[in-house]
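>>> Return a 3D structure for these sequence lines:
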Amino acid sequence: MGRSGILRLFVAVYPPPDLAGQIIGLLADPRVGTLPPHRVTTPEQLHLTLVFIGDTPGSRLRDVRESVQRACAGFGPFTLQPNRLLTLPRGSPAPPPRLLAAVTDEPSPLMEIQRRLAARLTRPVERGRATAFLPHLTLSRYSLAPGLPAPSVDLPVAAPPIPVDAVLLMESRLRPGGAVHEVVDSIPLAG
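A predicted model of the protein is given here:
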């Protein structure tokens, strides 16, 4: 509870471990084709980010927790349905894709919780990005060597639904081998 220093925070939902492995398994779909050298997300790290808060003084952690709790108030459990594999980012103009994601449907509880979180926890200059929310779970990341063509994947997929019964406030600690995520608080969706 008594954390000090600067915390790198985000709010997310995580699939149960058994489903995380199945969702990552979508990378084996032969329609994906050959990807450039990439790093596959581990089942423990697979999540859907609702809002990235970023560097936050430990002294503000209590306020952040309260904001997340208030944003989730009144919502009961719901499900997410992964329905597409998509290379991201997309748009025009967009940098070359650097990840492959499982995109989900947009159930109204998810979208409203995300909207509330963005309004409460993002800086005004970042709100535009937060409102362009595309619910997705990053399956793999890659970087392209100069001159290599960027992969383009946009495929419908069949995947099990993801039950969501809690929203997690997370701390991300950057390490040489990648980020390590630690649960700061779990907010149950009790309706």
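
>>> Now for this protein, the helix or strand with the poorest mean pLDDT.
helix 127-131 (a mean of 51; mean pLDDT, DSSP states H and E).

>>> could you point out where this protein is predicted with low confidence?
Across the chain, the ranges flagged by pLDDT under 70 are 1-4, 91-92, 94, 124-131.

>>> Now the residue of it most remote from its centre. Its backbone dihedrals?
Relative to the C-alpha centroid of the chain, counting by C-alpha atoms, centre = their mean, residue 147 is the outermost residue, at 29.5 Å. As for residue 147, its main-chain torsions (degrees, to the nearest 10) stand at phi 90, psi -10.

>>> Then the one 4 residues further on?
As for residue 151, its main-chain torsions (degrees, to the nearest 10) stand at phi -70, psi 150.

>>> Give the burial count for it, as a bare number.
When neighbours are defined as other C-beta atoms under 10 Å, residue 151 has 17 of them. (Glycine included, C-beta is placed from N, CA and C.)

>>> Please save the CA atoms from the longest helix along the chain in PDB.
Longest helix in the chain, counting residues (DSSP state H): helix 108-121. Output in PDB follows, covering the C-alpha atoms of helix 108-121 (Å, rounded to 0.1, in the frame of the first residue of the first chain):
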ATOM      1  CA  SER A 108     -21.100  -1.300 -23.900                       C
ATOM      2  CA  PRO A 109     -19.800  -1.900 -20.300                       C
ATOM      3  CA  LEU A 110     -16.200  -2.100 -21.600                       C
ATOM      4  CA  MET A 111     -16.600   1.100 -23.800                       C
ATOM      5  CA  GLU A 112     -18.200   3.100 -21.000                       C
ATOM      6  CA  ILE A 113     -15.600   2.000 -18.400                       C
ATOM      7  CA  GLN A 114     -12.900   3.000 -20.800                       C
ATOM      8  CA  ARG A 115     -14.500   6.300 -21.500                       C
ATOM      9  CA  ARG A 116     -14.800   7.100 -17.800                       C
ATOM     10  CA  LEU A 117     -11.200   6.000 -17.200                       C
ATOM     11  CA  ALA A 118      -9.900   8.200 -20.000                       C
ATOM     12  CA  ALA A 119     -11.800  11.200 -18.700                       C
ATOM     13  CA  ARG A 120     -10.600  10.700 -15.200                       C
ATOM     14  CA  LEU A 121      -7.000   9.600 -15.700                       C
END
